[in-house]
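1. next comes the sequence, and after it the predicted model I'd like to discuss.
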Amino acid sequence: MIRGSVVVQRRRCGTRTCRCADGQDLHEATVLTYSVGGRNKTVMLAPEEVERVRAAVARYRAAQSKLEEQGSAGLAELLARRAAARRAR
């Protein structure tokens, strides 16, 4: 599992004579973005890594979603028990 997002980043390289200098034909790179301590970080991915990293990010999101569901179910159960205890008094 990997926490983050896989995105295609488009940018200029900075070389004045490059095809991207006019802002039309930008360079594209697939990257993994993630945050640490409130700061965004970016890791460029090799073409052979992209699908594997996308799958790992999808596994992380599925596990995170399942954990959220379990946490919500636990909270609902606690609130129901407390409400039942108040009614019993």
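-> That came through fine. Numbers count the residues shown, from 1 in each chain.

2. so how far is the top strand by length along the chain off the chain centroid?
-> As assigned by DSSP state E, the longest strand anywhere in the chain is strand 27-36. On the basis of C-alpha atoms, centre = their mean, to the nearest Å, strand 27-36 sits 11 Å off its chain's mean C-alpha point.

3. give the other helices and strands that that strand contacts.
-> strand 5-11, strand 39-44, helix 50-88 (3 or more C-beta pairs under 8 Å, 6 or more residues apart in numbering; DSSP states H and E). Every residue, glycine included, has its C-beta placed from N, CA and C.

4. tell me the most buried of those?
-> strand 5-11 (a mean of 13; mean count of other C-beta atoms under 10 Å).

5. can you list contacts of it?
-> 20, 26-34, 42, 45, 50, 53-54, 57 (C-beta atoms under 8 Å, 6 or more residues apart in numbering).

6. at 7 Å what do you get?
-> 26-33, 50, 53-54, 57 (C-beta atoms under 7 Å, 6 or more residues apart in numbering).

7. how about those residues in TSV, adding distance to residue 14 and pLDDT?
-> Putting those into TSV (distance: C-beta to C-beta, whole Å; pLDDT from 0 to 100) gives the following:
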residue	distance to residue 14	pLDDT
26	12	94
27	10	94
28	16	94
29	14	95
30	20	97
31	17	98
32	22	98
33	21	97
50	24	97
53	26	98
54	28	98
57	29	98
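
8. and the residues you listed, which is closest to residue 3?
-> Proximity of the contacts of strand 5-11 to residue 3 (C-beta to C-beta) peaks at residue 57, which lies at 7.6 Å.

9. nearest spatial neighbour of that closest one, skipping sequence neighbours?
-> residue 2 (5.3 Å; C-beta to C-beta, 6 or more residues apart in numbering).
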